[in-house]
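Asker: following is a predicted model, sequence given first.
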Amino acid sequence: MSLTVDQIVEAVRRLPREQSVELFDLLLAETIDSVDLEIQQSWKTEIHRRIAEIESGAETGVPGEEALAELRRVIGR
C-alpha cells in the first residue's frame, strides 16, 4: 500500500521535532545532491562543446588578462 502525500505530511507532523528535522535534512540533502549531479553533467557537456568549438576553429579563445581587463572596464574598477 502506498501513502498519499497528505498521509505522509500528517505522519511527519506527528513525529517528534528532532525526527522531523532529521527527515527534512535527509530529503533536502538528497535533492541537493541530485541537482548537483545534474548541474555537474550539464557543465561537463557544455565544457566539451566549448572545447570542440575551439579545437575546430569555430571559436577562438580570449587571453585571460584581456578578459579580466574587459571585466574591470565593465564594472568600473
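Answerer: Yep, it's here. Numbers count the residues shown, from 1 in each chain.

Asker: any idea how far Gln19 is from Arg73?
Answerer: Look at Gln19 and Arg73: by Cβ to Cβ, to the nearest Å, they are 55 Å apart. Placement of C-beta: from N, CA and C, glycine included.

Asker: which regions of the protein sit below the pLDDT cut-off?
Answerer: Low-confidence segments of the chain, defined by pLDDT under 70: 1.

Asker: which residues does stretch 33-52 contact?
Answerer: Glu59 (Cβ atoms under 8 Å, 6 or more residues apart in numbering).

Asker: swap in stretch 57-70?
Answerer: Surrounding stretch 57-70, the residues in contact under the criterion Cβ under 8 Å, 6+ apart are Arg50, Glu53, Ile54.

Asker: what about that stretch, distance to the chain center?
Answerer: On the basis of Cα atoms, centre = their mean, to the nearest Å, the separation between the geometric centre of stretch 57-70 and that of its chain is 26 Å.

Asker: measure stretch 53-69 end to end?
Answerer: End-to-end distance for stretch 53-69: 24 Å, by Cα to Cα, to the nearest Å.

Asker: only the buried residues of the helix of greatest length in the chain, if you could.
Answerer: Looking across the chain with DSSP state H, the single longest helix is helix 17-56. Judged by neighbour count (16 or more other Cβ atoms under 10 Å), helix 17-56 contains no buried residues.

Asker: how far off centre is it?
Answerer: 4 Å.

Asker: same check on stretch 67-77?
Answerer: That offset, for stretch 67-77, works out to 27 Å (Cα atoms, centre = their mean).

Asker: still on that earlier bit, how about the contacts of stretch 57-70 in CSV, adding distance to Leu27?
Answerer: Listed next are these as CSV, based on distance: Cβ to Cβ, whole Å:
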residue, distance to Leu27
Arg50, 35
Glu53, 39
Ile54, 41
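
Asker: which SSE is immediately downstream of the longest helix of the chain?
Answerer: helix 64-75 (DSSP states H and E).

Asker: Ile39 and Glu70, how far apart?
Answerer: 27 Å.
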